[in-house]
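Engineer: build me a model:
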Amino acid sequence: MEPISFQPIYMTRVWGGRTLEDNYQRNLPDEQPYGESWELSDREHEQSVVLSGIHEDQTLNELWTKNREEIFGSNLDGDRFPLLIKILDARDDLSIQVHPPAEIAPHLGGDPKTEMWYIADRDPEAKLYIGFKKGVSRDQFAKSLEDGSLEDKVHAVQPEIGESIFIPSGRLHAIGAGFLIYEIQQNSDTTYRVFDWNRVGLDGTPRDLHVEESMKSIDFDDFEPTMDEPQGDNLAQCEYFQVDQKDLEKGASFSNGRERFAVITVVSGLIISSEGSQFRPGDFFLLPKGASPISADRESKILVTTIPV
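Structural biologist: Next comes the predicted model:
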């Protein structure tokens with residue numbers, strides 16, 4: 001079985017830009033700032049659609065519902081494909097935000113979301129805001145929301161290209177201006193903004209904040225986390241997803257085996273399918289279980305995302 005590619009779903013964002021055009025030669029719909037490209041999405045109103053092949057024009061949900069064992073593997077439950085995979089183009093700071101933990105989300109009317117970020121590109125001084133500076137208390141943080149000193153309470157890091165970080169639900173976080181990031185997450189779009197830099201949205205009105213929900217969701221014992229150290233090939237693993245990084249020499253092949261699907265992200269180089277399809281940096285595709293191996297036409301790096309067996 002061949003790799004399956006989907007039509008990206010582009011999302012305008014007040015903090016977005018045009019880097020998808022510049023870096024990946026994407027054809028964006030218009031001249032607005034685009035902050036997100038949803039590469040695989042099985043949301044009710046945002047459905048990824050197959051670009052070509054025997055499943056052309058089918059949605060990701062149709063594949064998941066009708067061809068689950070054939071394409072994705074066995075022992076997979078749920079009404080929807082359980083991952084949401086995006087590219088984020090941050091030309092301005094994102095809001096400081098949190099996603100609710102599983103034990104709290106139902107009481108707040110949201111869905112839990114754990115995610116990870118892979119730094120695909122960044123400006124030299126770009127910062128991620130992750131967790132709290134050591135010793136900051138809940139009360140100090142709440143006061144900072146009132147007096148505007150929040151940035152002094154949040155921990156910042158300056159990652160290198162190729163680094164990654166795991167963002168469990170409950171972790172306070174924000175992407176600063178100047179990043180291109182691959183985001184792998186649970187299939188949820190629940191985000192609680194606690195601070196949005198006092199700006200307005202694309203419609204000219206202030207964006208909604210969710211301070212009460214945020215304060216109930218934030219882990220206030222999360223002090224000064226660092227970027228993750230890979231464990232061999234593994235970048236992130238939890239009950240929801242596993243992300244590995246593979247460095248392929250020219251001519252090397254990769255197969256995901258016969259048990260489970262993989263989502264492939266091309267970080268660098270050129271990947272060729274057994275039938276000659278070419279995948280370049282910034283391309284994402286679904287490699288069905290038992291698919292024919294893919295190969296590297298030159299030295300290449302890929303991310304391999306799946307669900308732990």
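
Engineer: what's the neighbour count on residue 146?
Structural biologist: 8 (other CB atoms under 10 Å). Where C-beta positions appear, they are placed from N, C-alpha and C, glycine not excepted.

Engineer: show me the contact partners of the longest helix along the chain.
Structural biologist: Identified as the longest helix of the chain according to DSSP state H is helix 138-147. For helix 138-147, the external contacting residues (CB atoms under 8 Å, 6 or more residues apart in numbering) are 132, 149-150, 152-153, 194-195, 211, 215, 218, 220.

Engineer: any weak-confidence spans in the stretch 1-150 of the chain?
Structural biologist: Applying pLDDT under 70 to the stretch 1-150 of the chain flags no residue at all.

Engineer: follow-up on the earlier one: and the buried ones among the contacts of helix 138-147, selectable in ChimeraX?
Structural biologist: A single ChimeraX command suffices to select whichever of those are buried according to 16 or more other CB atoms under 10 Å:
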select :132,150,153,194,195,215,218,220
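
Engineer: how far away is the residue lying farthest from the centre of the chain from residue 141?
Structural biologist: With CA atoms, centre = their mean as the measure, the chain has its most outlying C-alpha, relative to the mean C-alpha position, at residue 147: 32.1 Å. Computed with CB to CB, to the nearest Å, the distance linking residue 147 and residue 141 is 11 Å.

Engineer: I'd like the next helix or strand past the longest helix of the chain.
Structural biologist: Proceeding C-terminally, helix 138-147 gives way to strand 154-157 as the next helix or strand, assigned by DSSP states H and E.

Engineer: so which elements touch that next one?
Structural biologist: With contacts taken as 3 or more CB pairs under 8 Å, 6 or more residues apart in numbering; DSSP states H and E, strand 154-157 sits against strand 128-132.

Engineer: and the strand it packs on, what does it pack onto?
Structural biologist: Right, strand 128-132 is packed against strand 154-157, strand 164-167, strand 173-175 by 3+ CB pairs under 8 Å, 6+ apart.

Engineer: run the last query once more with 10 Å
Structural biologist: Other elements packing on strand 128-132 under the criterion 3 or more CB pairs under 10 Å, 6 or more residues apart in numbering; DSSP states H and E are strand 115-122, helix 138-147, strand 154-157, strand 164-167, strand 173-175.

Engineer: tabulate the CA atom coordinates of it in CSV.
Structural biologist: Once side chains and other backbone atoms are set aside, the C-alpha atoms of strand 128-132 remain, and they are given as CSV (Å, rounded to 0.1, in the frame of the first residue of the first chain):
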residue,chain,number,x,y,z
LEU,A,128,9.4,29.6,24.1
TYR,A,129,7.6,30.3,27.3
ILE,A,130,7.3,27.1,29.3
GLY,A,131,6.2,26.7,32.9
PHE,A,132,7.2,29.1,35.7
